[in-house]
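Peer 1: Turn this into a model:
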Amino acid sequence: MTVMNRRTMMAAVGAGVVLPGLARAQASTQGADPREAMLDAAAAVTGAPPAMAAAVVTRAGVEWSGVRGVRKSGGEDQAGPHDRWHLGSNTKAMTSAVWARLVEQGRARWDMPLAEAFPDVPVNAAFAAVTVEDLMRHKAGLADADGLPLPMVAHADPRPVGAQRAATAVVLTRAPTGTVGQYVYGNLNYVLVGAAIERITGQSWEDVVQAEVFAPLGQTSAGFGAPLTNAEGGANVWGHRVWGGTQTPVDPAEAWSDNPPMLGPAGRVHMTMADYGRFLQAMMGGGPDGWLSADSLKRLTTALPGDGYALGWIAPPNGMIAHEGSNTLWHVIAVAKPAEGRAVIVASNGGLAGRAATAPLARRLIEGA
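Peer 2: Next up, the predicted model:
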């Protein structure tokens, strides 16, 4: 499984719109809040995912949230507010936030060359000026095909996950297949960032993101891989594989219910909507005192002149930031207006097809937020 390419999303957010699509809904039992009606409409059109969740977030926290649908296609068990949702590539912004934390602690630098980040690797001279920040901006000249193993190979690899991530640095010993300085979206970039974090800290990326992001932000539901239970230990929504319009639930205990663990820094985090809202709240400056400085937050959410991607965020010139993620079994989209302190999240368990419902709902919510 892979995490989605962002070219279409970048163009859509840059234009201030999100592509239209299908939706399906269940009858709402909620009040007259217009956002409830928006979620109902998104959940009502034939072909929408089995379950959807949405939230509107401010610097003060989650202002509104809702959930519709069933946890598994063909079942009757209703999704609920304590369900965890797979974030896919929206994990990348969290990995970038970890790096920012390490920079503020004096343990890393934004301009750290790859040769310094991987001192045991004979880095090719073509990467001499490339930094870890370039990896986070997808401008290192790398493509996933250069160094990421096929999922079936990675799932079967008996080595510790950290060793697998560290081994991807071998790609740096060869000349880049792409153009250094040119944006090419790829998960390999963030696997390498995760490997650099592990080398600097001497801990797994999973432990570091727990210590630097989840714990200080109070994201108690956060975890890795396909979520097995909800935040209260009960049943949770399942991701779905979609073939020919048929939505088939995939047991989260199966290895193929998610990307291989080595891809963690690029896209394996899950959490409740409330906890993901805490991350967006913090990225807009509403986090706990001392978590990240205003300068770091600006750097994380600002693209370089002429670019459209910041550090884990699509960042067009219109002042919005956004990202979407999918491991092909789930889909989530986040859109924010940091200057206004407003953000929205929409998630589904309907695979890549879920985008047809999540994207237009995200547009309607951010326009009305």
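Peer 1: so the residue positioned nearest the centre of the chain, which of the three states?
Peer 2: Ranked by distance to the mean C-alpha position of the chain (CA atoms, centre = their mean), the top residue is N90 at 1.0 Å. Secondary structure, DSSP: H, G, I helix; E, B strand; the rest coil: N90 is helix.
Peer 1: pretty sure it is touching V332, no?
Peer 2: Yes - because the distance of 5.8 Å satisfies CB atoms under 8 Å, N90 is recorded as touching V332. Where you see a C-beta, it was placed from the backbone N, CA and C, and this is true even at glycine.
Peer 1: what do these two both touch?
Peer 2: Common contact partners of N90 and V332 (CB atoms under 8 Å, 6 or more residues apart in numbering): 276, 324-325.
Peer 1: Which residue ranges of the stretch 151-300 of the chain form helices?
Peer 2: Using DSSP state H, counting those that start in this stretch, the helices of the stretch 151-300 of the chain run over residues 151-156, 161-167, 187-201, 205-209, 215-217, 264-267, 273-281, 294-301.
Peer 1: winner for burial among those?
Peer 2: Here the criterion is mean neighbour count by mean count of other CB atoms under 10 Å, and of those the winner is helix 264-267, at a mean of 27.
Peer 1: picking that back up, for the helices of the stretch 151-300 of the chain, which one sits closest to A253?
Peer 2: Among the helices of the stretch 151-300 of the chain, helix 151-156 comes nearest to A253, with 13.8 Å by CB to CB.
Peer 1: Quick one: distance of that closest one to the chain centre.
Peer 2: Distance of helix 151-156 from the chain centroid (CA atoms, centre = their mean, to the nearest Å) equals 21 Å.
Peer 1: Compute the mean per-residue pLDDT across it, please.
Peer 2: Within the predicted structure, the mean pLDDT of helix 151-156 is 94.
Peer 1: Please list the outside residues in contact with that helix.
Peer 2: When contacts are taken as CB under 8 Å, 6+ apart, the neighbours of helix 151-156 outside the stretch itself are 1-2, 148, 164, 255-256, 259-263.
Peer 1: The helix or strand hosting V103 packs against which elements?
Peer 2: According to DSSP states H and E, V103 maps onto helix 91-104. Under the contact definition 3 or more CB pairs under 8 Å, 6 or more residues apart in numbering; DSSP states H and E, helix 91-104 sits against helix 132-136, helix 187-201, helix 205-209, helix 264-267, helix 294-301, strand 321-325.
Peer 1: how about a cut-off of 6 Å?
Peer 2: Judged by 3 or more CB pairs under 6 Å, 6 or more residues apart in numbering; DSSP states H and E, the packing partners of helix 91-104 are helix 187-201, helix 205-209, helix 294-301.
Peer 1: so can I have a markdown table of those showing distance to W243 and mean pLDDT?
Peer 2: As requested, those are exported to a markdown table (distance: least, CB to CB, whole Å; pLDDT from 0 to 100):
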| stretch | distance to W243 | mean pLDDT |
| --- | --- | --- |
| helix 187-201 | 24 | 98 |
| helix 205-209 | 32 | 98 |
| helix 294-301 | 37 | 98 |
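Peer 1: before we move on, back to that, identify the bridge partners of the closest residue to the residue nearest to the centre of the chain other than its chain neighbours.
Peer 2: Across the structure, with CB to CB, 6 or more residues apart in numbering as the measure, the residue nearest N90 apart from its sequence neighbours is G325 (4.2 Å). In this structure, G325 bridges to V332 when assessed by DSSP bridges.
Peer 1: ok, now which ones touch G325?
Peer 2: 87-90, 267, 332 (CB atoms under 6 Å, 6 or more residues apart in numbering).
Peer 1: same thing but 7 Å
Peer 2: When contacts are counted by CB atoms under 7 Å, 6 or more residues apart in numbering, G325 touches 3, 87-91, 267, 332.
Peer 1: what about the helix or strand hosting T358, average pLDDT?
Peer 2: According to DSSP H and E, T358 maps onto helix 355-368. The average pLDDT for helix 355-368 rounds to 92.
Peer 1: what's it packed up against?
Peer 2: helix 34-42, strand 51-58, strand 331-337, strand 342-348 (3 or more CB pairs under 7 Å, 6 or more residues apart in numbering; DSSP states H and E).
Peer 1: quick one: pLDDT of T46?
Peer 2: Confidence per residue is given as pLDDT, and for T46 that number is 71.
Peer 1: okay, now A42: neighbour count?
Peer 2: By the measure other CB atoms under 10 Å, the count of residues near A42 is 29.
Peer 1: Relative to A362, how far out is it?
Peer 2: 9 Å (CB to CB, to the nearest Å).
Peer 1: Could you count how many residues lie near the residue nearest to N236 when sequence neighbours are not counted?
Peer 2: Excluding the flanking residues, the one nearest N236 by CB to CB, 6+ apart is N230, at 4.4 Å. Residue neighbour count, defined by other CB under 10 Å, stands at 19 for N230.
Peer 1: Ok, T302 next?
Peer 2: By other CB under 10 Å, the residues close to T302 number 16.
Peer 1: tell me the contacts of it?
Peer 2: With contacts defined as CB under 7 Å, 6+ apart, T302 is in contact with 310, 315.
Peer 1: So for it, what's the pLDDT?
Peer 2: With respect to pLDDT, T302 scores 97.
Peer 1: Same check on the one 3 residues further on?
Peer 2: As predicted, P305 sits at a pLDDT of 91.
Peer 1: So it versus I314, what's the distance?
Peer 2: P305 is 16 Å from I314, where distance means CB to CB.
Peer 1: ok, now A322?
Peer 2: A322 sits 5 Å away from I314 when distances are taken as CB to CB.
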